[in-house]
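K.L.:
sequence first, then the predicted structure:
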Protein chains: 2
Amino acid sequence: MMSDENYQSLDEETLFLISQTFKALADPTRIRILHLLFNRELSVSNIAEQLDLNQSNVSHQLRFLKNLRLVKYRRDGKTIYYSQDDEHVMKILQQSIDHATHH
Amino acid sequence: MMSDENYQSLDEETLFLISQTFKALADPTRIRILHLLFNRELSVSNIAEQLDLNQSNVSHQLRFLKNLRLVKYRRDGKTIYYSQDDEHVMKILQQSIDHATHH
DNA sequence: TTATAATATGAATATGTGTTCATGTATTGT
DNA sequence: ACAATACATGAACACATATTCATATTATAA
């Protein structure tokens, strides 16, 4: 498909999308949030409690992740439950955690 | 070791390492550099030419990537050739590019 | 209605980051 | 020795980002 001399450069749009996605994973707080949401849904206050973060901070980070469609939410009364919404990114995160912990 | 909900929290060191690695991939310029180095070694000036970046900028980014051991280098006279040095990260990058382009 | 709980939002701030400019260092050739 | 080439480095700047605080919104309960 591609020879050594034939280099396929990345277009601006793809480049931006990829860098934005990795940016989501480039912050410890967001990694911890996504890691919590790996196989369950959780409310904002629950996440804040478990990670010892203030509620506003968690809300801001969740908005960031939601804009990139890495998480989704559903409302139940006053509570809003967040869960993962991108299998591919979660898989990459899991791989990286495994790789980092297994040295 | 594991709670009832089967959640393993991430220690500070792992968290820092993972976030740093993703930070390397969170910038368009560094993505383009790594993408160029996918299956070849290139000199600093060659990278700068191909990506239309100034030499200093490329040097700074390569230092960043070298500190994270994502690239390595060898000297040949006045020229320094850089190449990839982390199969796992390159694989993740390739996966993400494929995922972004086939979408 | 009023009060309370859960979450979102915007402003402010402190810190981090990407790029450029000027200059330094290392190597080769004359 | 000197000049030229390839690359690295540090300072400076503009811009982005993470977090906190105060306040707004939304939904439930009394």
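P.N.:
Cool, got the structure.
K.L.:
check contacts around A:His88.
P.N.:
Taking CB atoms under 8 Å, 6 or more residues apart in numbering or on different chains, we find A:His88 in contact with B:Gln95, B:His99. The C-beta positions use only the backbone N, C-alpha and C, and glycine is treated the same way.
K.L.:
for chain A, what spans make up the helices?
P.N.:
For chain A, the helices defined by DSSP state H cover A:12-24, A:28-36, A:44-51, A:55-67, A:87-101.
K.L.:
avg pLDDT for the longest one?
P.N.:
This means helix A:87-101. Within the predicted structure, the mean pLDDT of helix A:87-101 is 96.
K.L.:
kindly report the same for the third one.
P.N.:
When pLDDT is averaged over helix A:44-51, the result is 98.
K.L.:
picking up where we left off before, out of the helices of chain A, indicate the one that is most buried.
P.N.:
Mean neighbour count (mean count of other CB atoms under 10 Å in any protein chain shown) peaks for helix A:28-36 among these, with a mean of 20.
K.L.:
that helix and DNA strand C in contact?
P.N.:
No. Helix A:28-36 does not reach DNA strand C (CB under 7 Å from any atom of the strand); its nearest approach is 11.0 Å.
K.L.:
same question, stretch A:68-80
P.N.:
Yes. Residues of stretch A:68-80 contacting DNA strand C under CB under 7 Å from any atom of the strand: A:Tyr73, A:Lys78, A:Thr79, A:Ile80.
K.L.:
and the second one, what pLDDT?
P.N.:
In other words, A:Lys78. Here, the pLDDT recorded for A:Lys78 equals 98.
K.L.:
if we can go back for a sec, B:Gln84 is nearest to which of the helices of chain A?
P.N.:
B:Gln84 lies closest, by CB to CB, to one member of the helices of chain A: helix A:87-101, at 15.7 Å.
K.L.:
distance check, the nearest residue to A:Ser45 once chain neighbours are set aside against DNA strand D.
P.N.:
Computed as CB to CB, 6 or more residues apart in numbering or on different chains, the closest residue to A:Ser45 that is not its neighbour in sequence is A:Gln55, at 6.3 Å. Per CB to the nearest atom of the strand, to the nearest Å, A:Gln55 is found 7 Å from DNA strand D.
K.L.:
was I right to think A:Gln55 contacts A:Ala48?
P.N.:
Yes. If you go by CB atoms under 8 Å, A:Gln55 and A:Ala48 touch, sitting 5.0 Å apart.
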